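Trainee: Can you look at this prediction? I've put the sequence above it.
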Amino acid sequence: MGVINRFFLFIYALAVGVLLAVAAAVAFHFVPENVWINDLRIALASHEFFLGLGVLSLFSLYFILYTLLVKQTPGEQVAENEVILVQGKDGNIKVAKDAVENLAEKEAAEAHSVRSVRAEMFKQNKNDAPPFALELSIIMLVGADVNAVTKDVTERIRQQFIRTFGVKDVPITVTVTEITNAPVENQKRVV
């Protein structure tokens, strides 16, 4: 869900929360009956009340259509402490999300012209597919061939996943976020 949708959801939840608080105050007789009946008559006579109901109805319709029509890709995001199951010779093996992402980042960082890597793992819901998919964001060196570098990165990671987990054909999406000539930070210098 994007930032705009989160903002709409916040406004919607705030409005529904205020309406529920007013309904609870009326139901538990915190507000005298003659007061809330007069306020309700005044509200029903104003155009702003119906405008507010219309906006709230549009928000409701928007969220209903959003949940029915929008599909997330490539899969469901895995929580920080969640594990993914890989079928091994002796049964299912649990592998932490961080372990998969760190392995992918280390393997991708070994590729020529790659300056920095960030990996994110997603669950796959298909039964025949690998249990997870991977999205990589890389920063690469100026002058390097983007096609060759991304192909090298994906092949390295796929080979490592076959050796480590026995999982073939993991869907890997590589996004080049920056092309830079800056020196690599936090790496040991060989003298």
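Mentor: Sure, I can see it. Residues are numbered from 1 along each chain as shown.
Trainee: contacts, neighbours, all on C-alpha from now
Mentor: Noted.
Trainee: so what are the domain limits for this protein?
Mentor: Per the record, the chain has its domains at 3-69, 77-180, by automatic domain parsing.
Trainee: Now tabulate these in CSV and tack on mean neighbour count and mean pLDDT.
Mentor: Compiled in CSV, the domains of the chain are given as follows (neighbours: other C-alpha atoms under 10 Å; pLDDT from 0 to 100):
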stretch, mean neighbour count, mean pLDDT
domain 3-69, 12, 86
domain 77-180, 16, 81
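Trainee: what packs against the single longest helix found in the chain?
Mentor: Ranked by residue count and defined by DSSP state H, the top helix of the chain is helix 3-27. If you count contacts as 3 or more C-alpha pairs under 8 Å, 6 or more residues apart in numbering; DSSP states H and E, helix 3-27 packs onto helix 47-69.
Trainee: now the helix it packs on: how far from the chain's centre is it?
Mentor: 25 Å (C-alpha atoms, centre = their mean, to the nearest Å).
Trainee: helices and strands around that helix, which ones?
Mentor: helix 3-27.
Trainee: so after the longest helix of the chain, what's the next helix or strand?
Mentor: Sequence order places helix 33-45 as the next helix or strand after helix 3-27, per DSSP states H and E.
Trainee: what angle sits between that next one and helix 3-27?
Mentor: 140 degrees (axes from the mean of the first three to the mean of the last three C-alpha atoms, to 10 degrees).
Trainee: Contacts for helix 33-45, please.
Mentor: With C-alpha atoms under 8 Å, 6 or more residues apart in numbering as the test, helix 33-45 has contacts from 26, 49-50.
Trainee: Need the distance between the two termini of stretch 105-123.
Mentor: 18 Å (C-alpha to C-alpha, to the nearest Å).
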